[in-house]
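> I would like to see how this sequence folds:
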Amino acid sequence: MFFEIVAFNNWLPNNLLANEGLTNEEGTARLIMQADGNLVLYNKNGKALWASGTDKNVGDRLEVQTDGNLVVYQGSKVKWASNTHSNPNGCELVVQDDCNLVLYKSNRNSKVYGVDNALGNFQPKDAIWNSGTSRRCNDPLFK
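Numbering: from 1, shown residues only. As a prediction, the model looks like this:
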């Protein structure tokens, strides 16, 4: 069974448990912490765009730690990490509408508000990690 996490502006403040996920506003991408322990980003057609490679680790969870590190755990064992642990203000994980999964510094003052950014999208300079899947939503290789 799959449980959707409802989060403001497609960002995840702290964690995902097995069978929980986060979908962006346009529905072009979905991040799922699968029951097999693999964290996977899918496009709207159900094709995997990125994965943590942590399958076969039942009981895993994803945590956005207070130090800014994005970590997949099995119990207390680290199975995968973004190695972004030098961010004392923490971070926020965002499933963007361009199908990129991005970890941003959690500095609310760095958000841009304006005509084109009414929802307060983060500036690119605030990104500290990404899945490298930008603009793959409609890539023929992932249909």
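> Could you use CA atoms for every contact and neighbour count after this?
Fine.
> now the strands for this structure?
With DSSP state E, the ranges of strands along the chain come out as 3-4, 11-12, 15-17, 20-23, 29-33, 39-43, 48-51, 60-64, 70-74, 77-81, 91-95, 101-105, 127-130.
> Residue ranges in the chain under the pLDDT threshold?
Within the chain, the segments meeting pLDDT under 70 span 1-13, 107-125, 139-143.
> how about 50 then?
Applying pLDDT under 50 to the chain flags the ranges 1-9, 109-120.
> measure the nearest residue to residue 70 once chain neighbours are set aside to residue 102 for me?
Spatial nearest neighbour of residue 70, chain neighbours left out: residue 64 (4.6 Å); criterion: C-alpha to C-alpha, 6 or more residues apart in numbering. Plainly put, residue 64 is 12 Å away from residue 102 if you go by C-alpha to C-alpha, to the nearest Å.
> where do the contact lists of those two overlap?
residue 93 (C-alpha atoms under 8 Å, 6 or more residues apart in numbering).
> just to revisit the earlier point, so the residue nearest to residue 70 sits right up against residue 73, yeah?
No. Using C-alpha atoms under 8 Å as the test, residue 64 is too far from residue 73 to be in contact (11.0 Å).
> ok, back up a step: dump the residue contacts of the residue nearest to residue 70.
With C-alpha under 8 Å, 6+ apart, residue 64 has these contacts: 13, 14, 15, 70, 71, 90, 91, 92, 93.
> Quickly name whichever of those is closest to residue 126.
Nearest to residue 126 out of these is residue 91 (C-alpha to C-alpha; 9.6 Å).
> So what sits opposite the closest one in the bridge?
residue 105 (DSSP bridges).
> From what I see, it and residue 103 are in contact.
Yes. Judged on C-alpha under 8 Å, residue 91 makes contact with residue 103 at a distance of 6.4 Å.
> Now do the same contact list for residue 60.
Taking C-alpha under 8 Å, 6+ apart as the test, what residue 60 contacts is 17, 18, 33, 35, 36, 37, 38, 72, 73, 74, 75.
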